[in-house]
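> no sequence on this one, just coordinates:
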């Protein structure tokens, strides 16, 4: 009876004389605009996207690429590692957003990333709906995934990796349904992925696990391996090989792969990077991840029982990786959500005998029956296009609520004019502020360190942390690199020490950032600090300076005594 009603509705209202129905908003339109609503209404606007300073050096790198028509291979931004080898592995993103920034400033950068999040949201909703065929549950879990992934909503290249993960998931789902030809689009996508973000190997991994799942299905269901299992796994294996070869099409060829894997194996370095650490479950947004994690583990059992071995293996793998590193949480949510929706739907069906569950399930079925015909009808997505135009208007309005700018509470915006006015060439600050200084002051100023942790390495990153903490040897490090300005937060231990030092003076202090200048600015020479003409041991230097201070003190007392004696004589 229900099927007949749906067919009748479609035949009555989807004809050519009802073309205007294609303009009506759909759930896909709603989901597409959901990230924009969360950002501009619930969260602190575009400042959320610009809360990480890495966006700054990415834009300046892109400008260098466009200006020189080449991809950099040595450092551009620091005075601590001049001309050392550097992998600008996200160069395509840098160049693209440098163009956007040139045309529309930070507002354009923010708008492009909001649009990317909207596209991710729509693809996720469609992926969940393809697996569960339940619009309401797909809508609910899309919202949960967006809320859980919002911890990493930043204007950085990793958003493209989220997009590619969802596209790969859609193609793999189509291949599992028999549309194997769709797999051959993935190597071409991998070329783009390998030049936009370093997580391109995730796509190869997804294909290899899909091949493993097909082989396991043959072994468990047919109790045989060999040629049959290989035949089922072969399309995925060949596609994985094609993607791996395609990933070599980048400016650094196989050296990029070597660099990325050595970076990810460096546990000493990753332990110093916050986004690679495990998430704190005391954080408010962690409740979404915690709930999805529990449901995700349960969904693996559901997947294995129904022969969906690849899906179960992927969920288990990314659950493990999400627990190891907070930056893996969004990918886990996107991969696990479709199968979590399926197990929730089956659980509701199994609990029908319970009165309240039966009423809830019946209500969901009624709403679903009403929505399905309209939802499956082709749309022109006029509402989504109108929403994008509204976002453009809001970001271009100049209203402070929607202004695309770095947050003054996070970055030293007011210190920039002072730094520009001063003759400072070697500025020490921590990595996030170093990123911002690159955005505001490059190429006239250089920084001690910035967010390119893979370039600086573990030992240098730890040295910077020791400097900020004013640990033993801090003064020797500042002298070694001939630092003439230090920019810190007022509560940093090094700031407290510099306030007491005779060699440093406060040049700016607004309560959220403090700038120190050296009272004896060294003469700036070309070359690195290690190229000094005369080298003394630290002990000799320290002893010599103490003796010099003592001698100056004695000479001052002697002069005062001489002047006093002359006045008395008069």
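Great, that's in hand. This one's a predicted model, so the numbers in the text were calculated from it and none came from an experiment.
> contacts and neighbour counts: CA atoms only from here.
OK.
> Three-state assignment for residue 506, please.
Three-state call for residue 506 (DSSP: H, G, I helix; E, B strand; the rest coil): strand.
> Return the residues in contact with it.
By C-alpha atoms under 8 Å, 6 or more residues apart in numbering, residue 506 lies in contact with 499, 514-517.
> redo that, cut-off 6 Å
Each residue near residue 506 by C-alpha atoms under 6 Å, 6 or more residues apart in numbering is listed here: 515-516.
> what sits opposite it in the beta ladder?
Residue 506 forms beta bridges with residue 516, as assigned by DSSP bridges.
> Quick check: it vs residue 436, distance?
Residue 506 sits 21 Å away from residue 436, going by C-alpha to C-alpha, to the nearest Å.
> Where does the prediction get shaky in the stretch 1-150 of the chain?
1-23 (pLDDT under 70).
> Check the stretch 451-570 of the chain too.
Looking along the stretch 451-570 of the chain with the criterion set at pLDDT under 70, you get 521-570.
> Now with 80, please.
Scanning the stretch 451-570 of the chain for pLDDT under 80 picks out 520-570.
> where along it do the strands fall?
Ranges of strands within the stretch 451-570 of the chain are 485-488, 504-509, 514-518, based on DSSP state E, counting those that start in this stretch.
> and the shortest one, which strands flank it?
Strand 485-488 has the following strand partners under DSSP bridges: strand 426-428 (parallel), strand 514-518 (antiparallel).
> list the buried ones in stretch 288-308?
By neighbour count with 16 or more other C-alpha atoms under 10 Å, stretch 288-308 contains the buried residues 288-289, 292-293, 295-300, 302-304, 307-308.
> can you tell me which of these are in helices?
Of these, the ones assigned to helices by DSSP state H are 288-289, 292-293, 295-300, 302-304.
> Can you redo the strands of the stretch 451-570 of the chain as JSON lines, where the extra columns are distance to residue 28?
Shown next, in JSON lines, are the strands of the stretch 451-570 of the chain (distance: least, C-alpha to C-alpha, whole Å):
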{"stretch": "strand 485-488", "distance to residue 28": "46"}
{"stretch": "strand 504-509", "distance to residue 28": "49"}
{"stretch": "strand 514-518", "distance to residue 28": "48"}
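> Can you tell me which of these is packed in deepest?
Mean neighbours per residue, mean count of other C-alpha atoms under 10 Å, is largest over the strands of the stretch 451-570 of the chain for strand 485-488, with a mean of 24.
> hang on, the earlier thing: so which of the strands paired with strand 485-488 gets nearest residue 41?
Closest approach to residue 41 among the strands paired with strand 485-488 (C-alpha to C-alpha): strand 514-518, 32.6 Å.
> how would you label residue 388: helix, strand or coil?
Per three-state DSSP, residue 388 ends up helix.
> That one and residue 36, how far apart?
9 Å.
> Looking at the two, which one has more neighbours?
residue 36 (22 against 18; other C-alpha atoms under 10 Å).
> Which of the helices or strands spans the more buried one?
Per DSSP states H and E: residue 36 is located in helix 27-37.
> one step back: among the strands of the stretch 451-570 of the chain, which comes closest to residue 273?
So among those, strand 485-488 is nearest, using C-alpha to C-alpha, at 18.9 Å.
> circling back: need the ones in helices among the buried residues of stretch 288-308 in JSON lines (columns: distance to residue 250 and pLDDT).
Below are these laid out as JSON lines (distance: C-alpha to C-alpha, whole Å; pLDDT from 0 to 100):
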{"residue": "288", "distance to residue 250": "37", "pLDDT": "91"}
{"residue": "289", "distance to residue 250": "35", "pLDDT": "92"}
{"residue": "292", "distance to residue 250": "36", "pLDDT": "94"}
{"residue": "293", "distance to residue 250": "36", "pLDDT": "95"}
{"residue": "295", "distance to residue 250": "39", "pLDDT": "95"}
{"residue": "296", "distance to residue 250": "35", "pLDDT": "95"}
{"residue": "297", "distance to residue 250": "37", "pLDDT": "93"}
{"residue": "298", "distance to residue 250": "40", "pLDDT": "94"}
{"residue": "299", "distance to residue 250": "38", "pLDDT": "94"}
{"residue": "300", "distance to residue 250": "36", "pLDDT": "95"}
{"residue": "302", "distance to residue 250": "40", "pLDDT": "93"}
{"residue": "303", "distance to residue 250": "37", "pLDDT": "94"}
{"residue": "304", "distance to residue 250": "38", "pLDDT": "94"}
